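Visitor: Provided below for reference: sequence and predicted model.
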Amino acid sequence: MIRLILADDHAVVRKGLQLFIGYEDNLKLVGEASDGEELLQVIQDQEADILLLDLDMPKMNGITAIRKIKELAPDLKIIILSMHPEDLYGKTAYQMGAYGYMIKDEEPKKLIVAINKVAAGEKVFSDSVLNAKKRDKAIRLSQREIEVLKLLSTGKSNKDISEELEISDKTVSTYKLRLLNKIGAKSVVDLVNFSTAYPEILNR
């Protein structure tokens with residue numbers, strides 16, 4: 001029997017997955033969570049084999065949650081469930097120790113197949129993710145770029161950053177654009193997720 005925990009803030013999604021999981025004789029849902037803090041408590045209270053983890057949850061995003069989950073339950077295998085394409089977050093999830101990445105609009109049968117593969121020890125990612133080199137080794141940030149990234153990660157605005165670093169708003173925008181290009185990100189949220197996944201880069 002494969003024991004599952006499901007973490008998603010949408011009740012409709014959780015209900016739908018409950019139904020599909022219930023049809024499978026070898027799967028058992030042992031816990032659910034609607035936000036990151038609740039998830040950490042469920043993991044401590046329930047023994048499970050696989051966690052189905054939504055990336056976009058209140059109180060703690062999925063990328064941050066992976067790191068904490070690995071500390072609490074290192075043997076728990078994680079499958080990411082997301083509306084975001086794999087080329088955006090798949091590599092980060094893989095490098096942080098997740099076992100799979102599934103898009104939410106996939107056929108439910110594909111998720112069931114993925115669960116069984118992960119339970120058997122397989123990784124369920126695209127070839128481009130599995131064959132990729134470690135991302136942080138290819139990225140070189142200047143000291144000023146690191147400073148800007150740190151401040152962006154704390155939620156500071158361009159104006160706040162310009163005042164703290166004593167540079168113009170336009171210069172801050174230039175550094176932000178460089179960061180987006182170097183990291184391959186599409187938004188400030190992606191930059192924050194990157195800094196969460198790779199704190200060692202900010203400590204250089």
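Guide: It's in.
Visitor: any idea which helix is longest in this structure?
Guide: helix 169-183 (DSSP state H).
Visitor: right, and the helix or strand after that one?
Guide: helix 188-197 (DSSP states H and E).
Visitor: just checking, what packs against that following helix?
Guide: helix 62-72, helix 86-95, helix 143-153, helix 169-183 (3 or more C-beta pairs under 8 Å, 6 or more residues apart in numbering; DSSP states H and E). No exception for glycine: its C-beta is placed from N, CA and C like everyone else's.
Visitor: centre of the chain to the longest one, how far?
Guide: This points to helix 169-183. 23 Å (C-alpha atoms, centre = their mean, to the nearest Å).
Visitor: off-centre distance for stretch 15-22?
Guide: 23 Å.
Visitor: that stretch: which residues count as buried?
Guide: 17, 21 (16 or more other C-beta atoms under 10 Å).
Visitor: show me what the stretch of helix or strand L17 belongs to is packed up against.
Guide: Secondary structure from DSSP H and E places L17 in helix 11-22. The contact analysis (3+ C-beta pairs under 8 Å, 6+ apart) places helix 11-22 against strand 2-7, strand 27-33, helix 108-119.
Visitor: turn these into JSON lines, including mean pLDDT.
Guide: Formatted as JSON lines, the helices and strands packed on helix 11-22 follow (pLDDT from 0 to 100):
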{"stretch": "strand 2-7", "mean pLDDT": "96"}
{"stretch": "strand 27-33", "mean pLDDT": "95"}
{"stretch": "helix 108-119", "mean pLDDT": "94"}
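Visitor: just say which of these is most tucked in.
Guide: strand 2-7 (a mean of 22; mean count of other C-beta atoms under 10 Å).
Visitor: for the helices and strands packed on helix 188-197, which one sits closest to A120?
Guide: helix 86-95 (17.6 Å; C-beta to C-beta).
Visitor: check what contacts the closest one and list those residues.
Guide: Identification of contacts with helix 86-95 by C-beta atoms under 8 Å, 6 or more residues apart in numbering yields 55, 62-63, 66, 78, 80, 82, 101, 103, 123, 125-126, 128-130, 132, 134-135, 186, 190, 193-194, 197.
Visitor: which among the residues you listed end up buried?
Guide: Using 16+ other C-beta under 10 Å, the buried members of the contacts of helix 86-95 are 55, 62-63, 66, 78, 80, 82, 101, 125, 129, 135, 190, 193-194, 197.
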